[in-house]
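Enquirer: test case, fold it:
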Amino acid sequence: MQPKDPTARKPNSPAGNGNTDQPSKKSSNSESEGSVISSRQSASIIASTMIGVGVLTLPRVAVHGTNQSGWIGIVIGTAIAMLMTWVISRLGGRFGGQSIVGYGAELLAPPRLKWIGKVLVFPFLLLLLVYWGWASALVARLFGEVVSTTMLPTTPVEVIIVTMLVAGLFMTMYAVEVMARVNEIMLPLIVVPILIIAVSSFQSGRLENLFPLFDLDWKMVMTSSFIMTSTMLGFEVMLLFSANVQQSPHLIRSNMIGVSIPGLLYLLIAIAGISVFGYEELQLLAWPTLELVKTTEVPGLILERLESAFLAVWVTAVFTTLANFYYATALIIKQMFKFSSHRWISVILLPVLYWLAMRPDNLYQLFATQNIIGNMGMVAGLGIPLFFGLVGVLRRGKSEKG
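Expert: Now for the predicted structure:
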């Protein structure tokens, strides 16, 4: 009787009845899609992806256009990110065992013409592919610039970029479950030191730099919210990894916590930066968070140079962000074109990402490219979940009415 059980489950898998049937439905498409990610690991992936290279420029970006009230944009941006994560979590729960590649085609397909859904969803998947790949290259380039400037001035930036990309490539060689475990382990090592440093930096701050608190209009609020939401991107990777998440009644709450952790850290860093330097000086600093760490002293003089410890933690945060984006880029190509493995795709992507990383000639072009990718991420991270969430509601209402 036992040998017959696996074959008996196959006819039931298309109906999507039960969580145990979903992995078997997708096992033919991907060797890693049978992996199971817990709700805590899902929150870790979201938080680790959101906390990345942007931490170093956060205070300067926060005060752009809103001066000393820049922290308000972070609060609104975090709320928007939580709303989008809720939508993505609901879509993943409704279509358990499927990613945006699967349920996107299903939602857009007419009842008797399933192939049309695959055609209509392709532009959305292509946007995610370009955004995740370009974001991986940008993270590697920003990492190289910071490390070359602060720690390894005699090392060519090309060597630093290739090293980080190869580290991300190493992560993509394993299943999704392994990637989730790495994020789960790395997250406390990132959050706790940054939280301690952010709180300790308030000892050098001046409260008068934060006043007046609400000296801004609605146009400034909207502009700041848009900019800060672009810095909170990373949650959209769950459009792809939701296929591997084990459905649980606590999943949505865990994902909300995963978004709120970066939101809290970013809020503390921005307020500390404004209180220490003032918004005028912050706009002149290339890496304001690093300068903020240099002004911070840990009680007891445990560390004489705190920026060294901060950069060590920051390297870990950059690695998880780059690796997650890199993995998502390779995995979405595999699912779009029905390839058997994503490993060789990751190897082919390595020179492409290096070429994209080296395209900006200087920091000015690098920051301009960062703005372009941020705008692209806003369309992908906000537009795609809202669109498919709305289509899902309309399709469900139509089916219930029928």
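
Enquirer: only C-alpha atoms for contact and neighbour calcs from this point on.
Expert: Noted.

Enquirer: show the subsequent helix or strand relative to the helix ranked longest in the chain.
Expert: Counting residues, the longest helix found in the chain (DSSP state H) is helix 114-150. Sequence-wise, the next helix or strand downstream of helix 114-150 (DSSP states H and E) is helix 157-172.

Enquirer: what is that next one packed up against?
Expert: helix 114-150, helix 306-337, helix 343-357 (3 or more Cα pairs under 8 Å, 6 or more residues apart in numbering; DSSP states H and E).

Enquirer: mind giving me the packing neighbours of the last one?
Expert: Secondary structure elements in contact with helix 343-357, counted by 3+ Cα pairs under 8 Å, 6+ apart, are helix 114-150, helix 157-172, helix 306-337.

Enquirer: so which of these is the most packed in?
Expert: Stretch with highest mean neighbour count among those: helix 306-337 (a mean of 22; mean count of other Cα atoms under 10 Å).

Enquirer: for it, the averaged confidence score.
Expert: Across helix 306-337, the average pLDDT comes to 91.

Enquirer: can you name every helix or strand that that helix contacts?
Expert: helix 39-50, helix 100-108, helix 114-150, helix 157-172, helix 176-200, helix 238-241, helix 288-294, helix 343-357.

Enquirer: next, the buried residues of the last one.
Expert: Read that as helix 343-357. R343, I345, S346, V347, L349, L350, L353, Y354, L356, A357 (16 or more other Cα atoms under 10 Å).

Enquirer: for those residues, which two are the farthest from each other?
Expert: R343 and A357 (20.9 Å; Cα to Cα).

Enquirer: picking up where we left off before, and the angle for the longest helix of the chain with helix 100-108?
Expert: Using axes from the mean of the first three to the mean of the last three Cα atoms, to 10 degrees, the inter-axis angle of helix 114-150 relative to helix 100-108 is 140 degrees.

Enquirer: quick one, helix 114-150 and helix 343-357 angle?
Expert: 50 degrees.

Enquirer: and the residue sitting nearest the centre point of the chain, what are its phi and psi?
Expert: The chain has G234 as the residue nearest its centroid, 1.6 Å off, counting by Cα atoms, centre = their mean. Main-chain dihedrals, G234, degrees, to the nearest 10: phi 140, psi -30.

Enquirer: thinking it is in contact with M50, fair?
Expert: Yes - look at G234 against M50 with Cα atoms under 8 Å: they come within range, at 4.6 Å.

Enquirer: residues in contact with P288?
Expert: L56, T57, L58, P59, R60, G273, L282 (Cα atoms under 8 Å, 6 or more residues apart in numbering).

Enquirer: nearest to Y103 among those residues?
Expert: L58 (34.9 Å).

Enquirer: find the nearest non-adjacent residue to the closest one, please.
Expert: A270 (6.7 Å; Cα to Cα, 6 or more residues apart in numbering).

Enquirer: residues touching that neighbour, list them.
Expert: So A270 contacts L58, P59, A62, G70, W71 (Cα under 8 Å, 6+ apart).

Enquirer: among those, which ones are in helices?
Expert: Filtering these for helices - DSSP H - leaves L58, P59, A62, W71.

Enquirer: residue contacts, the first one?
Expert: The contact partners of L58, taken as Cα under 8 Å, 6+ apart, are T231, Y266, I269, A270, P288, T289.

Enquirer: brilliant, that's me finished.
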